[in-house]
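[1] sequence isn't available, so here's the structure alone:
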């Protein structure tokens, strides 16, 4: 999870040291910094900065990023939520001065605990009973996000709820076309289907937009949540689009081996609910009934396919040399096939 900084993704330690000193976080400019890099995740560059018995996390957009990755937005959201009931990291400083590190960045506290990823041995050794408890916590926290009073938190201006669903379909479609590297028949079919089948009425609230196991830090006992991470896409919008994105990541044991091959998450382990069980848990907790479930699930798969394709586009253009990105085009193809099969079978499970 923590490694030496990848080649081509180094940051200027002297410039950072100067910023830390001038910000009051570093007491002596001559003290050394130790810079490491988090290797999980496919999006922003995230570094662990060690100095003077302190540990901070620095986040900045990847080189060559064409869309999203708004560090100022994420910093503003986390700052606004600091007095809420949500478990979030404390943030310190944001800078949009690209002369320092070459891109905008912000600094936050390092949260210790357990992140459930496919490569974390703990994920494979948990009992079914533990996963049952963890998944209930997972549901409880996404519901808390959706029920928070965002006006009271001063976040009413971070999104435009009117027309949100329509804009998401249009914007993600545009982003896919701009980062397209090959023709995938299902891509245009899904874009058209989503546009024709979008719900006419929907709710709005604070949404995370990337809520999944590996964006949650659990405490070491796995009995509580220490922090929810990665708020860069947070906005005011349809909560079911948020939940649909989470469903797209929620691989289950009965999924085809090809699905588990590309979305290899601990959600496949015994004790985790199926996607339909997860839907029932969410509906029960929020006292609602999801009417357009296929739309929201396919939207989640579509959004994920666009994100993956954008990363592959950066790799193909040479903006990143990380070899873990070299076959992401295969993942994009399969995600589109999954979305189209889910539409054809009208199911979110047992459709491929």
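    Nice, I can see it. Here the structure is a predicted model, which is why all the values come from computation and not from measurement. Numbering: from 1, shown residues only.
[2] quick one: distance of the longest helix seen in the chain to the chain centre.
    Longest helix in the chain by number of residues, with DSSP state H as the criterion: helix 293-316. Between the centre of helix 293-316 and the centre of its chain there are 12 Å (CA atoms, centre = their mean, to the nearest Å).
[3] can you check stretch 96-116 too?
    From the chain centre to the centre of stretch 96-116 is a distance of 15 Å (CA atoms, centre = their mean).
[4] low-confidence regions, the chain specifically.
    Judged by pLDDT under 70, the chain has its weakly predicted residues at 40-43, 64-69.
[5] quick one, helices of it?
    Listed in chain order, the helices of the chain (DSSP H) span 13-22, 71-80, 98-101, 121-125, 128-147, 164-179, 185-197, 239-249, 257-262, 275-286, 293-316, 328-345.
[6] of all those, which lies closest to residue 48?
    Ranking the helices of the chain by proximity to residue 48 (CB to CB) places helix 13-22 first, at 12.4 Å. Where you see a C-beta, it was placed from the backbone N, CA and C, and this is true even at glycine.
[7] adding distance to residue 352, write the helices of the chain out as TSV.
    Below are these laid out as TSV (distance: least, CB to CB, whole Å):
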stretch	distance to residue 352
helix 13-22	46
helix 71-80	34
helix 98-101	43
helix 121-125	24
helix 128-147	23
helix 164-179	21
helix 185-197	12
helix 239-249	13
helix 257-262	6
helix 275-286	13
helix 293-316	11
helix 328-345	5
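[8] just to revisit the earlier point, buried sites along the longest helix of the chain?
    The neighbour-count check on helix 293-316 (16 or more other CB atoms under 10 Å) flags 293-315 as buried.
[9] give the contact list for residue 189.
    By CB atoms under 8 Å, 6 or more residues apart in numbering, residue 189 lies in contact with residue 340.
[10] 10 Å instead?
    336, 339-340, 343-344 (CB atoms under 10 Å, 6 or more residues apart in numbering).
[11] ok, of those residues, which come out buried?
    When those are checked for burial by 16+ other CB under 10 Å, the buried set is 336, 339-340, 343.
[12] okay, now the closest residue to residue 276 other than its chain neighbours: neighbour count?
    Nearest residue to residue 276 in three dimensions, chain neighbours excluded: residue 349, at 5.8 Å (CB to CB, 6 or more residues apart in numbering). A count of nearby residues for residue 349, using other CB atoms under 10 Å, gives 16.
[13] my guess is residue 349 contacts residue 273, does it?
    No. Residue 349 is beyond contact range of residue 273, at 11.1 Å (criterion: CB atoms under 10 Å).
[14] what sits in contact with each of the two?
    Common contacts of residue 349 and residue 273 (CB under 10 Å, 6+ apart): 252, 279.
[15] got a list of what the closest residue to residue 239 other than its chain neighbours touches?
    Distances taken as CB to CB, 6+ apart put residue 146 closest to residue 239, at 4.4 Å, once the chain neighbours are dropped. Each residue near residue 146 by CB under 10 Å, 6+ apart is listed here: 203-208, 211, 239-240, 242-243, 282, 285-286.
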